[in-house]
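[1] Predicted model and sequence follow; I will ask about them next.
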Amino acid sequence: MSQTPLQEADTVEEYSAAWGAVAWLLRQGQTWSGGERNGAFLGKGDGTFTECGGILGLDQIGDGRSVVRVDWDGDGDLDLFLRSRTEPRIMYLENRLPLRGHSVQFKLVGSDPLQTVIGARLTVRGPDKEDPVWIRTRRAGEGYLAQSSAWLHVGVGELEQVRVEVRWPGGESTDYGLVSTGSSHVLVQGETETREWVRPDPAGQGQPIMTRPEAAGGKGGGGSALEGRVVLAAPLPLPHLPVTTVSGSHAVLAGIAESLHGENRSPMVLLLWSADCAPCLKELAAWSRDRDLIANSGLSVLSLQLSSEPQPGSKSEWLDSIEWPYARGFCPESTAQIVSALTSQIMGSTRPLAVPLTLLIDHRGQLQVLYRGGVSVQQVLQDTFIFGLQGPARLRASFPFDGLYLDPYKKPDWVALARSFRGAGLGVVAKEYELALARTESIDSAESQYTMGLARLRQRNFEAALKHFDEAVKAGPGVIRYLEKLAFCQYSLGQMTQARASFDAVLVLDPRDFNTLFNLGYLLAQQGELEAAGVVLQRLRPLDQKLAGVLRQAIDRAKQMADQQPAEKPSGATEDTTPEKDSETSNATEPADSGGTAQPDGSIPDPDKR
């Protein structure tokens, strides 16, 4: 592997080429670590260690990057999460060793909840002088881009009570006295008593803990998480897929042009299988048994058997034996190559096509969910709710963990797709995506209206900008940046009711959009709806303390003015109720095109101005 250039005179071409070669190898499924297994070392208590990865099942062969410790299942011992470059990217390793003795856990919290207590040192010792002593330090970061649990875990053997002391970052120490083992405690700086913490009993004990029901495959839950279930962050129009019918005639599925034209058809489940694949046969039998569930779902089902040269009139004896009630056909080699290149682009890997493989396709011919491995009818039916999701809600459904997203609006990367297909020798498919790129750039009415609106907004022509953003929202409903610009123009033109409705629409799509929460709260304060503004403030506080502080001041100022002039103040008053803010606060715009925050003159700033 090429080293990073050390001098200015060094050329970067070879360095960049080396990284390109590495990336190509990784996409081929090659290892970066030369097949070296992970290692685990056990302390023997005398200052030496023994390698025990193979015995403990920790000698994974993937390209390990980092490992973190956390008592994930709440049984008193530490479990591990392993992060690897190769799949599985994240692996949960549950500690199932027999428990010996007791443990106790502590979480250290500073007197100011907004400040961490990195560097605080916890000392745990037995009640007698001859008892051992354990020291733990609150750290930030362990290993490569990793952080273990904030809970400090201490195994104390057979001790049933321990004495606890904390030395805080400022230098002061607190003696919390004796605490019982086999429990968890929160230690707050400035307090001398511990707060015992009882782990909540999760619903469905014994089931995998999921952050959201849809992450497990449906709004209402009930489906199990699938290892090979991939929800696309944005639906992907499929290219033309040639297939062969059982009579030997040729047909074509999907097509990007048809998808972009918005041609409606029945949502489809495409099942790719092979006669010599046991999991495939098992999956097909299950789908045949569950035919009643499909009957009223509106889904059409098509099984495509991998076969390069099907004979006219041939039928699968296996499908006949299970009384297959759905459509059937054959997947020629050319289509298998297209699907293989498509899945490789989605998964970031160029491994050969593997079956069973199931594609959930919506009414516009767009791929919504990819299932690598067997999938049940129930799971697919639950996943049809994804068809209607957009923006942050769509992203949350595509990830197993919740969070804040810097780029809530995703589009298919046509250029990367075309490059991928061309690299796989599929020039016709690449051309199809390239033509789609040209078409979307030229006639995408929502983006065109949005771009023209930005131009009018820079001219401070709010009325003209408002018309363009309104058209953009109509053509692209559910796109947050369209709604944010629309709300800004409505606010600037004094259309407070409409602006409030637009802010509410953004928060329906992303309830954690802190800039929109601030703007809505500020608008409510200006309108004298202080109770409603206070509710918004409570929602904003855990997301952005700085903006929450500014909104708190605006609400207080508005309340003072209302108390001083409750009767004389006209409903349309535009007096300044916003406190002066430093440049850092007033420029606290959202990561991607939000309405920004209020200015000292009482107006929400132009969202294009950082």
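    Received, thanks.

[2] Going by C-alpha atoms from here, please, whenever you check contacts or count neighbours.
    Will do.

[3] Distance of residue 110 relative to residue 118?
    Distance, residue 110 to residue 118, using CA to CA, to the nearest Å: 10 Å.

[4] Quick check: residue 254 touching residue 241?
    Yes - the criterion here is CA atoms under 8 Å, and residue 254 meets it with residue 241 at 6.3 Å.

[5] ok so residue 178 is a strand residue?
    Yes - the assignment for residue 178, made by DSSP: H, G, I helix; E, B strand; the rest coil, places it in a strand.

[6] how about the longest helix along the chain: buried residues?
    Looking across the chain with DSSP state H, the single longest helix is helix 545-564. For helix 545-564, burial by neighbour count (16 or more other CA atoms under 10 Å) applies to 547-548, 550-559.

[7] mind putting these in TSV, distance to residue 305 included?
    Shown next, in TSV, are the buried residues of helix 545-564 (distance: CA to CA, whole Å):
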residue	distance to residue 305
547	57
548	58
550	62
551	61
552	63
553	66
554	65
555	65
556	69
557	70
558	69
559	70
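
[8] Just flag the most distant two among these.
    547 and 559 (18.3 Å; CA to CA).

[9] Provide the secondary structure category for residue 200.
    Assignment for residue 200 (three-state DSSP): coil.

[10] So what's the residue count around it?
    By other CA atoms under 10 Å, the residues close to residue 200 number 7.

[11] Over to residue 97?
    Neighbours of residue 97 using other CA under 10 Å come to 8.

[12] My reading is that it lies in a helix. Confirm?
    No - Residue 97: not assigned to a helix; according to three-state DSSP it is coil.

[13] Could you chop the protein up by domain?
    As recorded under automatic domain parsing, the domains making up the chain are 102-197, 213-414, 445-586.

[14] Would you format those domains as a markdown table with distance to residue 38 and mean pLDDT included?
    A markdown table is the format used below for the domains of the chain (distance: least, CA to CA, whole Å; pLDDT from 0 to 100):
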| stretch | distance to residue 38 | mean pLDDT |
| --- | --- | --- |
| domain 102-197 | 14 | 92 |
| domain 213-414 | 22 | 81 |
| domain 445-586 | 38 | 80 |
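
[15] wait, which of these is closest to residue 422?
    domain 213-414 (9.7 Å).

[16] residue contacts, residue 168?
    By CA atoms under 8 Å, 6 or more residues apart in numbering, the residues touching residue 168 are 117, 119-121, 174, 189.

[17] returning to what we had before: quick one: the domains of the chain as TSV, columns for distance to residue 435 too.
    Putting the domains of the chain into TSV (distance: least, CA to CA, whole Å) gives the following:
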stretch	distance to residue 435
domain 102-197	40
domain 213-414	9
domain 445-586	17
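
[18] Of all the ones you listed, which one comes closest to residue 431?
    Nearest to residue 431, of the domains of the chain and by CA to CA, is domain 213-414 at 10.1 Å.

[19] ok, residue 517 to residue 108 distance?
    In this view, residue 517 and residue 108 are 31 Å apart by CA to CA.

[20] Mind checking which of those two has more residues around it?
    residue 517 (29 against 23).

[21] separation between the spatially closest residue to residue 229 that is not a sequence neighbour and residue 101?
    Excluding the flanking residues, the one nearest residue 229 by CA to CA, 6 or more residues apart in numbering is residue 371, at 4.6 Å. According to CA to CA, residue 371 and residue 101 sit 44 Å apart.

[22] higher neighbour count, these two?
    residue 371 (20 against 14).

[23] Name whatever forms a beta bridge with that one.
    Residues in a beta bridge with residue 371, per DSSP bridges, are residue 229, residue 358.

[24] Quick check on the most centrally placed residue in the chain: phi, psi?
    The centre of the chain sits closest to residue 399, judged by CA atoms, centre = their mean, with a distance of 3.7 Å. Note on residue 399: backbone dihedrals following degrees, to the nearest 10 are phi -120, psi 150.

[25] can you give me the strands for the stretch 101-250 of the chain?
    For the stretch 101-250 of the chain, the strands defined by DSSP state E, counting those that start in this stretch occupy 102-109, 121-125, 133-137, 152-157, 161-167, 173-180, 184-188, 195-197, 229-237, 241-244, 250-253.

[26] and the fifth one, what other elements does it pack with?
    Looking back up the chat, that one is strand 161-167. Identification of packing neighbours for strand 161-167 by 3 or more CA pairs under 8 Å, 6 or more residues apart in numbering; DSSP states H and E yields strand 121-125, strand 173-180.
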